[in-house]
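Enquirer: Could you work out the structure for the sequence below:
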Amino acid sequence: MIKQRVNAGKTELFDPVRKKWLLCTEEEKVRQCFLMYLMEEKKIPLSHLSVEREIEVNGLSKRYDIVVFDAQGHPHMTIECKAPSVKLTQEVIEQAGRYNMTLRAPIIGITNGQENYFFHIDFETEAITFIDDLP
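Expert: Numbering: from 1, shown residues only. Predicted coordinates:
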């Protein structure tokens, strides 16, 4: 369950990964709901999650939304979150793919809280396969 509070007249959400209160935006709601799904439904430990960290992509500073690490500490999945009003287009998939060029996670996903799409990437063959649900 997502913790909420009103602070100075503004709704805030508590991020258990970053351990801080954040302004409740549409995208942040999606990000927090997906984190809850990963922890509660997929049983991913909090210690295997990273949120909104800076990475370098083609010489530019970017921030990914969510990365799930495996037990060895390697990126296993990267998720790009968008507000519900944002359509999940090829451009959004490409954005997640660009971030993943640095991270090299075998699974990438995109979500706007209403739709979710996941892909498996085989880095040896460069094959990209749509997957119905997260393993």
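
Enquirer: From now on I want contacts and neighbour counts done on CA atoms only, so please keep to that.
Expert: Will do.

Enquirer: just to confirm, which helix or strand has the closest residue to K20 other than its chain neighbours in it?
Expert: Nearest residue to K20, sequence neighbours excluded (CA to CA, 6 or more residues apart in numbering): F14, at 5.7 Å. In this assignment (DSSP states H and E), F14 forms part of strand 10-15.

Enquirer: Show me where this structure has its strands.
Expert: 4-7, 10-15, 20-23, 49-51, 54-57, 60-63, 66-69, 75-81, 107-111, 116-122, 127-131 (DSSP state E).

Enquirer: coming back round to it: give the other helices and strands that the strand holding F14 contacts.
Expert: strand 4-7, strand 20-23, helix 26-36 (3 or more CA pairs under 8 Å, 6 or more residues apart in numbering; DSSP states H and E).

Enquirer: Most tightly packed of these?
Expert: helix 26-36 (a mean of 20; mean count of other CA atoms under 10 Å).

Enquirer: Outside of that one itself, list whatever touches it.
Expert: Here helix 26-36 makes contact (CA atoms under 8 Å, 6 or more residues apart in numbering) with 1-2, 13, 15, 22, 65-66, 81-84, 111-113.

Enquirer: Many thanks, I have nothing further to ask.
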